[in-house]
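>>> Need a 3D model of the following:
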Amino acid sequence: MLAAGAQYLDLAVESALQSASLRHLVVFDYQPRIDDHQENLERARRRLHDACMPVVVSTLDEVIQRGRQLPPEPFYTGGTDERLAIDPLHVGQHRDTQGRDVHRTDAGQPMVDVDRG
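Below you'll find the model as predicted:
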């Protein structure tokens, strides 16, 4: 999956055309009332279709609507902790090499101390 802003769809399509594995392109800031956004979305869908690429181009709103129509996932009730899990990172939040959170205010600091002596 590749996510791109509506103003950068041409670049995203160029990347998609070079990928054998990409299947979904999500436009995360699409505003249907903005003519450029509409034109960029239509052009992206047309270019990928004309190139016979199996890439679905969706707006974030379309993805959310499809998700709301799905049945809820069952809660995990098994006896083992060997299951898939999610560890979300937010904008401005990263992890250092030891897995510790590094927040935006710490981002200018080196992530690993190096002894140069």
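
>>> Could I get the full set of strands for the protein?
Assigned by DSSP state E, the strands in the chain fall at 2-4, 24-27, 56-59, 93-95, 101-103.

>>> contacting residues around Arg45?
Val57 (C-beta atoms under 8 Å, 6 or more residues apart in numbering). Heads up, the C-betas are built off the backbone N, CA and C, glycines and all.

>>> Quick one: low-confidence residue ranges for this structure.
76-117 (pLDDT under 70).

>>> Longest helix in it, please.
helix 35-50 (DSSP state H).

>>> Touching, Ala16 and Leu2? I think so.
Yes: here Ala16 reaches Leu2: they are 6.6 Å apart, a contact under C-beta atoms under 8 Å.

>>> When the two are compared, which one has more neighbours?
It is Ala16, of Ala16 and Leu2, that has more neighbours when counted by other C-beta atoms under 10 Å, with 22 against 15.

>>> Name the residues contacting each of Ala16 and Leu2.
Contacts common to Ala16 and Leu2, judged by C-beta under 8 Å, 6+ apart, are 22, 25.

>>> quick revisit: which parts of the longest helix of the chain are buried?
37, 40-41, 44-45, 47-48 (16 or more other C-beta atoms under 10 Å).

>>> Spit out the contact partners of the spatially closest residue to Val56 that is not a sequence neighbour.
Among residues not flanking Val56 along the chain, His24 sits closest, at 5.2 Å (C-beta to C-beta, 6 or more residues apart in numbering). His24 makes contact with 1-2, 55-56, 58, according to C-beta under 8 Å, 6+ apart.

>>> from these, which is closest to Gly67?
Ser58 (10.9 Å; C-beta to C-beta).

>>> State the number of residues packed around the closest one.
So Ser58, with other C-beta under 10 Å, has 18 neighbours.

>>> check contacts around it.
So Ser58 contacts 24-27, 66 (C-beta under 8 Å, 6+ apart).
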